[in-house]
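1. return atomic coordinates for the entry below.
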Amino acid sequence: MSAHADVLVVGLGSAGAAVAQALAAEGRRVVAIDKREVGETGARWVNAVPEWCFERARLRAPSGGELFVAHHDASSRAMHLLAPEGGGRLTLRAPPVLHVDMRRLVDRLVHDAIGAGVTVRRGRIASVELEGGRVVALRVEDGGREERIAARLVVDASGLGGAVRERVPQLARVCPAASPENLCVAAQFQHEVRDRAGLEAFLETHGASPGHDIAFPSIAGGFSTLTVFTSPALDRVGVLTGSIPATGAADAKEMMARFLAREPWIGPRLWGGRGAIPLRRPYRVLARAGVALIGDAACQVHSAHGSGVGIGLVAARMLADAVRGADDPGADEVLAQYERSFHREHGGVLTAADAFRRHVQGASAAELAALIEEGLLDEALAMAALAQRPTRPSPALVLRLAPRALRNPGPALRFFPIAARTAVLDRVAALVGSRRVGASVERSIDSLVGEAPRHVGPGAWREPGSRDRADDLADTSRSREDA
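-> Down below sits the predicted model:
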């Protein structure tokens, strides 16, 4: 069997569905394939997505049932970051993210794509057909049936594995798969609340209110987290765990099990899932040989946030804009416009975020606590990271932090060099990434980003809510956990 299309999209997650719909809406013949059935594709958990990403992607922002909980008053929302090792706390009021039910968002995007004329096939890639160094067709297999689909542009939106990327030599040799020390494994599940009084006590212990989020960074050492989402009605709770197991940290499944066993007020699981996320700067090469990469397949992930959903939607829009009106959407000169525009707009921010993530990954719990306790990581910087915007320390911030740095120079001496390095990367990587540069320049950027620690030890599990001193219960500006 054979089919012909202008564009073949591989992967019907949020980014793949968004780009398929955008291209079909312009009158192109689009075929999309996924290894799962419609209604089961993409992420199936709650993800914190910056609100601006939907506007930039020209998509309707999720609301109502597409959210974990719909807050009618943004000012009632808050996220509390509770530092490990008895450090301080940082409260972010009205955080600029939406807790999106990815099942419903993906389903909406897929159905919009089908409504725009996208043809959907279920299947896996069996082989890639090249002609003159360019991909001209994919062979797709499903249940013993094979189909050849020819296309002028192939979009790899297949996620971490890069199903097309890994089969195209021009991409495979310059887009290496994320190494284990740069691979975050996360789990996120929604649960009923079995004992409302127990949840109320948990919130009171941590100085939070119904509908607030509570995050425990470095709970299992290095780059690890446990975050609890609550609903204003206190009827549901979401639990997120994540770490980089290759460095020796407890994995997401173990962290989740320990927390649920310790908090009997959490009731039966409703839904959710697990997944792996590549944490590295975006590939400089985003398109070659008639193939364009978007989303996790392009490592378009904000490493410090640990998410690429929003940026993937933006990349989908940028690719559709770059090929609009082109006779040959897979031509090198057309795809180069996508590559250049993405790096100019987002390459620096994402590269800087990766450098900061690598620093955090190798930091001790005490160092991370000091960043919060001494105010070096303040609300403005934390909000920018959460929103996946540039985290540029302002002169006013430097002047404000100088007295604190003099009072406790240790944390400052470790923080300011990485802050300066991320500021440089924010600007340089955007310029370098928008040009085809040599290996020496690539190595220079890699050197600025730094190595990801390969082993940070198991890390002591710090039980959320345990206390060192009784008077901490009365001090809502502090949070302490026993190691």
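
2. residue 384 reaches residue 390, doesn't it?
-> Yes. Assessed by CB atoms under 8 Å, residue 384 is found in contact with residue 390 at 6.5 Å. Using the backbone N, CA and C atoms, a C-beta is placed for each residue, glycine as well.

3. what about residue 91, which SS state?
-> Following DSSP: H, G, I helix; E, B strand; the rest coil, we place residue 91 in the strand state.

4. tally of neighbours for it?
-> Using other CB atoms under 10 Å, residue 91 is surrounded by 17 other residues.

5. gap between it and residue 375?
-> 13 Å (CB to CB, to the nearest Å).

6. low-confidence ranges in this structure?
-> The model of the chain has pLDDT under 70 over residues 1, 71-74, 85-87, 391-402, 404-408, 411-413, 433-439, 456-463, 465-483.

7. show me the residue at the heart of it, geometrically.
-> residue 307 (0.7 Å; CA atoms, centre = their mean).

8. so that residue bridges to which residues?
-> In this entry, residue 307 is beta-bridged to residue 302, by DSSP bridges.

9. surely it is in contact with residue 47?
-> Yes. The pair residue 307 / residue 47 is scored as a contact, 6.0 Å apart, by CB under 8 Å.

10. what's the neighbour count on the residue lying closest to residue 365 once chain neighbours are set aside?
-> Distance criterion CB to CB, 6 or more residues apart in numbering; nearest residue to residue 365, sequence neighbours excluded, is residue 84 at 4.0 Å. By other CB under 10 Å, the residues close to residue 84 number 27.

11. contacts for stretch 139-150 next, please.
-> Applying CB atoms under 8 Å, 6 or more residues apart in numbering, the contact partners of stretch 139-150 are 1-5, 8, 31, 33, 121-129, 136-138.

12. okay, and which of those map to helices?
-> Using DSSP state H, no member of the contacts of stretch 139-150 falls in helices.

13. just the buried residues from those residues, in PyMOL please.
-> For the buried members of these, the matching PyMOL selection, counting by 16 or more other CB atoms under 10 Å, is:
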select buried, resi 3+5+8+31+33+122+123+125+128+136+137+138
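
14. the helix or strand hosting residue 369 vs strand 89-93, what angle?
-> Under the criterion of DSSP states H and E, residue 369 resides in helix 365-373. Relative orientation of helix 365-373 and strand 89-93, computed by axes from the mean of the first three to the mean of the last three CA atoms, to 10 degrees: 50 degrees.

15. next one: helix 365-373 to chain centre, how far?
-> Its chain's average C-alpha position is 23 Å from that of helix 365-373, according to CA atoms, centre = their mean, to the nearest Å.

16. for that helix, which positions count as buried?
-> Buried residues in helix 365-373, counting neighbours by 16+ other CB under 10 Å, are found at 365-373.

17. what helices or strands is whichever helix or strand comes after that helix leaning on?
-> Downstream of helix 365-373, the first helix or strand assigned by DSSP H and E is helix 379-386. Secondary-structure packing of helix 379-386 (3 or more CB pairs under 8 Å, 6 or more residues apart in numbering; DSSP states H and E): strand 89-93.

18. tell me the strands beside the strand it packs on, with direction?
-> When pairing is defined by DSSP bridges, strand 89-93 lines up against strand 78-82 (antiparallel).

19. send the alpha carbons of the partner strand over as PDB?
-> Extracted C-alpha coordinates of strand 78-82, given in PDB (Å, rounded to 0.1, in the frame of the first residue of the first chain):
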ATOM      1  CA  ALA A  78       0.300  30.300  45.100                       C
ATOM      2  CA  MET A  79       3.200  27.900  45.000                       C
ATOM      3  CA  HIS A  80       5.400  27.400  48.000                       C
ATOM      4  CA  LEU A  81       9.000  26.200  47.500                       C
ATOM      5  CA  LEU A  82      10.200  24.700  50.800                       C
END
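
20. what lies in contact with it?
-> Contacts of strand 78-82 (CB under 8 Å, 6+ apart): 89-95, 206-209, 212-217, 372, 382, 386, 464, 479, 481.

21. buried ones among the residues you listed?
-> 89-92, 95, 206-208, 212-217, 372, 382, 386, 464, 479, 481.

22. how many neighbours does residue 388 have?
-> By the measure other CB under 10 Å, the count of residues near residue 388 is 26.

23. what comes up buried for stretch 324-344?
-> 326, 329-330, 334-343.

24. in helices only, show me those.
-> Members of those lying in helices (criterion: DSSP H): 334-342.

25. for residue 298, see how far away the residue nearest to residue 165 when sequence neighbours are not counted is.
-> Nearest residue to residue 165, sequence neighbours excluded (CB to CB, 6+ apart): residue 171, at 4.7 Å. Noted for residue 171: a distance of 10 Å to residue 298, by CB to CB.

26. quick one: which of these two has more around it?
-> The neighbour count for residue 171 versus residue 298, taken as other CB under 10 Å, is higher for residue 298 (28 against 23).

27. where exactly do the strands run in the stretch 1-150 of the chain?
-> Secondary structure of the stretch 1-150 of the chain, counting by DSSP state E, counting those that start in this stretch: strands at 2-10, 30-34, 46-50, 78-82, 89-93, 97-101, 119-122, 124-131, 134-142, 145-156.

28. CSV please, covering the buried residues of helix 365-373 and showing distance to residue 454.
-> Putting the buried residues of helix 365-373 into CSV (distance: CB to CB, whole Å) gives the following:
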residue, distance to residue 454
365, 19
366, 21
367, 18
368, 19
369, 24
370, 24
371, 23
372, 26
373, 28
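
29. gap between the residue nearest to the centre of the chain and residue 287?
-> Noted for residue 307: a distance of 23 Å to residue 287, by CB to CB.

30. same deal with residue 12?
-> In terms of CB to CB, residue 12 sits 20 Å off from residue 287.

31. and what of residue 227?
-> Distance of residue 227 to residue 287, given as CB to CB: 35 Å.

32. same check on residue 276?
-> Distance of residue 276 to residue 287, computed by CB to CB: 24 Å.

33. the two: who's more crowded?
-> The neighbour comparison of residue 276 against residue 287 (other CB under 10 Å) goes to residue 287, with 28 against 16.

34. go ahead and confirm the more buried one touches residue 338.
-> Yes. Look at residue 287 against residue 338 with CB under 8 Å: they come within range, at 5.9 Å.

35. picking that back up, what's the closest of the ones in helices among the buried residues of stretch 324-344 to residue 101?
-> Ranked by distance to residue 101 (CB to CB), these are led by residue 342 at 27.1 Å.

36. could you find the closest non-adjacent residue to that closest one?
-> Closest residue to residue 342 apart from its sequence neighbours, by CB to CB, 6+ apart: residue 318 at 5.5 Å.

37. now do the same contact list for the one you found.
-> 338, 341-342, 345.

38. ditto for residue 56
-> Counting by CB under 8 Å, 6+ apart, residue 56 makes contact with 314, 317.

39. distance of residue 93 from residue 76?
-> Going from residue 93 to residue 76 by CB to CB gives 9 Å.

40. ranges for the strands of the stretch 151-300 of the chain?
-> With DSSP E, counting those that start in this stretch as the criterion, the stretch 151-300 of the chain has strands at 183-193, 213-217, 225-230, 236-243, 266-278, 287-288, 291-293.

41. how about those in a markdown table, adding distance to residue 99?
-> Formatted as a markdown table, the strands of the stretch 151-300 of the chain follow (distance: least, CB to CB, whole Å):
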| stretch | distance to residue 99 |
| --- | --- |
| strand 183-193 | 10 |
| strand 213-217 | 8 |
| strand 225-230 | 6 |
| strand 236-243 | 7 |
| strand 266-278 | 12 |
| strand 287-288 | 32 |
| strand 291-293 | 27 |
